[in-house]
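> give the three-dimensional model of this entry:
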Amino acid sequence: MGDLVRSPLAVDLIIAAVVAQGILLSLYALRTGRGIRPASLVATLAAGGFLLIALRTVLAEAWWGWTGLALLASLIAHVLDLRLRWR
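I've put the predicted structure just below:
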């Protein structure tokens with residue numbers, strides 16, 4: 001079990017779950033008109049998703065630049081998310 005938790009595969013499974021969650025919540029919002037707006041949802045999930053990608057690059061021992069790019073993308077998505085939510 002410890003090997004699975006420390007492997008990039010675990011992060012892949014979590015990313016797949018986040019993508020599925022985004023699809024289901026978007027479909028719900030589009031069909032009912034209730035829930036989180038898809039634009040806001042994408043920004044929120046993208047920020048977390050890019051953090052997961054950064055974690056995956058570290059676990060896979062990829063080039064450090066990919067980790068930096070994923071963290072930068074997460075920051076951009078987070079700022080966009082804040083901008084969409086700010087009132």
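> ok, L41 touching G22?
Yes. With contact defined as Cβ atoms under 8 Å, L41 counts as touching G22 (6.1 Å). Heads up, the C-betas are built off the backbone N, CA and C, glycines and all.
> what is the longest helix seen in the chain packed up against?
Longest helix in the chain, counting residues (DSSP state H): helix 8-32. Applying 3 or more Cβ pairs under 8 Å, 6 or more residues apart in numbering; DSSP states H and E, we find helix 8-32 packed against helix 38-59.
> how far does stretch 16-36 sit from the chain's center?
On the basis of Cα atoms, centre = their mean, to the nearest Å, stretch 16-36 sits 14 Å off its chain's mean C-alpha point.
> nearest to the spatial middle of the protein, which residue is it?
The chain has G49 as the residue nearest its centroid, 1.6 Å off, counting by Cα atoms, centre = their mean.
> so how far is A60 from that one?
Here the criterion is Cβ to Cβ, to the nearest Å. By it, G49 lies 16 Å from A60.
> ok, back up a step: for the longest helix of the chain, buried residues please.
V11, I15, G22, L25, S26, A29 (16 or more other Cβ atoms under 10 Å).
> so who does the closest residue to R85 other than its chain neighbours touch?
Closest residue to R85 apart from its sequence neighbours, by Cβ to Cβ, 6 or more residues apart in numbering: S40 at 6.7 Å. Shown in contact with S40 (Cβ atoms under 8 Å, 6 or more residues apart in numbering): D81, L84, R85.
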